[in-house]
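J.: Need coordinates for the below:
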Amino acid sequence: MDNWDKILTVSQGNRKLGRIPNISLPPVKSCGNDLPCTKKCYALKAYRQYPATRAAWDKNYQLWLESPEMYEFALLQHLARRPKTRLFRWHVAGDIPSVEYLTMMQRIAESFSRVHFLAYTKRVDLLSACNATRPDNLALIISRWMGDSIRNVWNLPEAWVNFQDESRIPKDARKCVGTCKTCQICWNLGEGESVVFEPH
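T.: Take a look at the predicted model:
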């Protein structure tokens, strides 16, 4: 572990992702206001249950708020020291908090063309500012939720949760197999395609 890893916490994987590095922010407070998913947020359960996880996600968010330049530089250093990294997941917990953060994500992707980055987001209010300049190795998937009123004018891929009363899920949506170790389709969904997850 180098000093940059002490400043910013990048997880080296989890049970679902396998050994895919990822970074998280605290759920709800980094996600924007009045989102319909707050009451059933799976990441909020982990945030409340595991003090070390909560501390790591809070630390990342505080670093971004206090020093966006340091946050970006620490992540650049992390990726530079791991040349075998091919996939990266933004925000197992949390979401894109601002346009400035999204443009930082784009710069990171442009700096590491060998890495394919993935982020799910409900922050469609931010996408118009950046989607036209998004690099090909940054996959954005719009997270859909019961009761949302999202208009996907960019024809980006969408992710759905298979709640019993959700009738809008496309019939041809790809089903998540429950692990990224053998699948990884979300990094490669095309325009207008969908993936569907069981509640978790």
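J.: host element of L65?
T.: L65 belongs to helix 51-66 when assigned by DSSP states H and E.
J.: Give me the helices and strands touching the helix or strand following that helix, please.
T.: Using DSSP H and E, the helix or strand that follows helix 51-66 in sequence is helix 68-80. Here helix 68-80 touches helix 3-7, helix 51-66, helix 99-111, going by 3 or more C-beta pairs under 8 Å, 6 or more residues apart in numbering; DSSP states H and E. In this view, the C-beta of every residue, glycine as well, is placed from N, C-alpha and C.
J.: roughly how far out does the last one sit from the chain middle?
T.: Here the centre of helix 99-111 is set off from its chain's centre by 13 Å, with C-alpha atoms, centre = their mean, to the nearest Å.
J.: likewise stretch 170-180?
T.: Worked out by C-alpha atoms, centre = their mean, stretch 170-180 lies 17 Å from the chain centre.
J.: which residue ranges form the strands in the protein?
T.: Along the chain, counting by DSSP state E, strands occupy 22-23, 87-90, 116-121, 138-143, 158-161, 174-175, 194-197.
J.: quick one, which of those strands is packed in tightest?
T.: strand 87-90 (a mean of 23; mean count of other C-beta atoms under 10 Å).
J.: For that strand, enumerate the helices and strands it packs against.
T.: Going by 3+ C-beta pairs under 8 Å, 6+ apart, strand 87-90 lies up against strand 22-23, strand 116-121.
J.: Mind listing residues that contact it?
T.: For strand 87-90, the surrounding residues in contact (C-beta atoms under 8 Å, 6 or more residues apart in numbering) are 17, 20-23, 79, 96, 105, 115-119, 180, 184, 187.
J.: Pick the one among those closest to R168.
T.: R168 has its nearest neighbour among those in A119, at 21.9 Å by C-beta to C-beta.
J.: Could you find the closest non-adjacent residue to the closest one?
T.: Leaving aside its sequence neighbours, A119 sits nearest to W90 (C-beta to C-beta, 6 or more residues apart in numbering; 3.8 Å).
J.: just G147 next, same as before
T.: Spatial nearest neighbour of G147, chain neighbours left out: P36 (4.5 Å); criterion: C-beta to C-beta, 6+ apart.
J.: Does the one you found touch W145 like I think?
T.: Yes - under the criterion of C-beta atoms under 8 Å, P36 makes contact with W145 at 4.8 Å.
J.: picking that back up, could I get the helices and strands packed on helix 68-80 as a markdown table with mean neighbour count?
T.: As requested, these are arranged in a markdown table below (neighbours: other C-beta atoms under 10 Å):
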| stretch | mean neighbour count |
| --- | --- |
| helix 3-7 | 13 |
| helix 51-66 | 16 |
| helix 99-111 | 17 |
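J.: mind checking which of these is nearest S149?
T.: Here helix 99-111 is closest among these (C-beta to C-beta), at 21.0 Å.
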